[in-house]
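Student: What shape does this take:
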Amino acid sequence: MAVRIFPRLSRDVDAERALVGAVLGEPVRIGDVRAIVSPEMLTDPRLQTIYRVLLAMDEAGEAIDLVTVRDQLERAQLVEQAGGMELLLDLLSWGEPVLAVRYARIVREHHVRRLGAEIGQAYMRLATGDRSLSLADLAERSRRLADEELIDADRPEPIVDVLARRQVELRVAPRSIVPTGVPELDDVIDGFGRGTLSLIAARPAMGKTAFALHLLRRMAEQGQRLLLFSLETPKSDLADRLIAQISGIRRSKLRLHRLDEDEHERVRRVLEQVQGWRLAIDDCSGLTTADIGMRARDLSRRWRGLDAVFVDHLHLLADRPDRSTASDQMVVATIAHRLSALARDLDVAVVALCQLSRAPESRADKEPHLSDLRESGHLEQDARLVLLLYRPGYYSRDHAGVTEKDELRVIVGKANEGQAGISIRLPFYPASQRIWDAKSHA
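Tutor: Alright, predicted model coming up:
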């Protein structure tokens, strides 16, 4: 038997359970999913057995419910192979029937990835001299893989299903919005859009990372599931920044480990405060959007979902177009498009930090404009929301000193569903990177 080069199997067991559970709970959905998912696409043998029986009963025109499925499994002596009645009962609590097609597409996507991995292994074996394989056979398998990807692409959906799904969604809080937790900001933009790309842009030293950490803090306090990719700043420095923001301790004292007993106690209280936060930090450098997607999916499986993914910052991602001579504009366009696609694929808000051009430095007021985005045309096109940061005090202070208190202006440069052009003013303390909002005074 050939050695498998890819030890991690691409699969989503939750989606498989949700799919079979949705069909078991509402058998009419079988007609929608049978053309998308066949039994062998499921990685759990028990679910394969149950799904195969459901398809067979539907083809035979038999009524399907918990009792009839159990009877069919017993007649075929497949109860144990199907995981027993316990699994059947458990599956009924998984998934919404109106989302059956979506579950099916997730399962199919992982199946296609596994096929691609197997073909990749086969090509590597062929390249190392394995005579049991032929190039013609691999070409045929590659063609079938392409066909697998094309089946069900953008399949039309009956309007009754669209409306039924919307009826279910309207009974709960809107999932399409991920609140920032900063009252002044949510009043203007509502929050970050789930399934969309948002940008936080500024010149260096304006406080992009500090503002992102403040948002992550407020969002974590609301119980949201968050992932931060820090491509430049190590975790230890981010920890100091977060401690300083929450406790008010100067960052210089944390960096030099010069804390008095009162400050050590404040650090201890910060640790108590973050207990229970579902915020993860990845400080690996040189990542691509594909790497981010893989790591985000892994965490999403473990946490049963994600709400937002932050990337600090966009221009440090290692993606490159196919052509090595690609311009900076093409590189940024590729990254922005992939981040936007990642947001839709994971159904999360993707928030990317990015640099502005030097244009604000040439203006008298130094205030940034949307056109100051580097390669702005591509970024504006893919981003639903653009927030521009500006600190007037940074330009007015003399270069030898550091102001104790400044003002951070958050300018809404673009908002597809909010109030563009609005400027929000928040007190900012450079020494601790602390930002104050309405909740700070509560």
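Student: what about L199, is that helix, strand or coil?
Tutor: strand (DSSP: H, G, I helix; E, B strand; the rest coil).
Student: How about F229?
Tutor: Following three-state DSSP, F229 is assigned to strand.
Student: so what's it up against?
Tutor: Residues in contact with F229 (CB atoms under 8 Å, 6 or more residues apart in numbering) are D282, C284, L287, I292, R295, V309, F310, V311, D312. C-beta: built from backbone N, CA, C; applies to glycine.
Student: and these, which are buried?
Tutor: Neighbour counting with 16 or more other CB atoms under 10 Å marks D282, L287, I292, R295, V309, F310, V311, D312 as buried within the contacts of F229.
Student: So for the fourth one, what pLDDT did the model give?
Tutor: In this case it means R295. For R295, the pLDDT comes out at 89.
Student: Determine which two of the buried ones among the contacts of F229 are furthest apart.
Tutor: Of all pairs drawn from the buried ones among the contacts of F229, the greatest distance, 14.6 Å, lies between R295 and D312 (CB to CB).
Student: re the thing from before, in strands only, show me the buried ones among the contacts of F229.
Tutor: D282, V309, F310, V311, D312 (DSSP state E).
Student: Give me every residue in contact with the longest strand along the chain, excluding its own residues.
Tutor: In the chain, with assignment by DSSP E, the single longest strand is strand 406-415. Contact partners of strand 406-415, identified using CB under 8 Å, 6+ apart, comprise 185, 188-189, 201, 206-207, 211, 367-370, 380, 383-394, 418-430, 435.
Student: Give me the subset of the residues you listed lying in helices.
Tutor: L185, V188, I189, F211, E380, P392, G393, Y394 (DSSP state H).
Student: Now the buried members of these.
Tutor: Members of the ones in helices among the contacts of strand 406-415 classed as buried by 16+ other CB under 10 Å are L185, V188, I189, F211, E380, Y394.
Student: Report whether the expected contact of the third one with N416 is present.
Tutor: No: with contacts counted by CB atoms under 8 Å, I189 stays clear of N416, the gap being 9.7 Å.
Student: before we move on, the earlier item: could I have the buried ones of the contacts of strand 406-415 as PyMOL selection syntax?
Tutor: Restricted to buried positions by 16+ other CB under 10 Å, the PyMOL selection for the contacts of strand 406-415 reads:
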select buried, resi 185+188+189+201+206+207+211+368+370+380+383+384+385+386+387+388+389+390+391+394+418+422+424+426+428+429+430+435
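Student: Where do the strands of this structure begin and end?
Tutor: Secondary structure of the chain (DSSP E): strands located at 177-178, 192-193, 197-202, 225-230, 278-282, 308-312, 349-355, 383-390, 406-415, 423-429, 434-435.
Student: Can you name every helix or strand that the second one contacts?
Tutor: Applying 3 or more CB pairs under 8 Å, 6 or more residues apart in numbering; DSSP states H and E, one finds that strand 192-193 contacts strand 177-178, strand 349-355, strand 383-390.
Student: I'd like to know which helix or strand in this protein has the lowest mean pLDDT.
Tutor: helix 135-150 (a mean of 57; mean pLDDT, DSSP states H and E).
Student: No further queries at this time; thank you.
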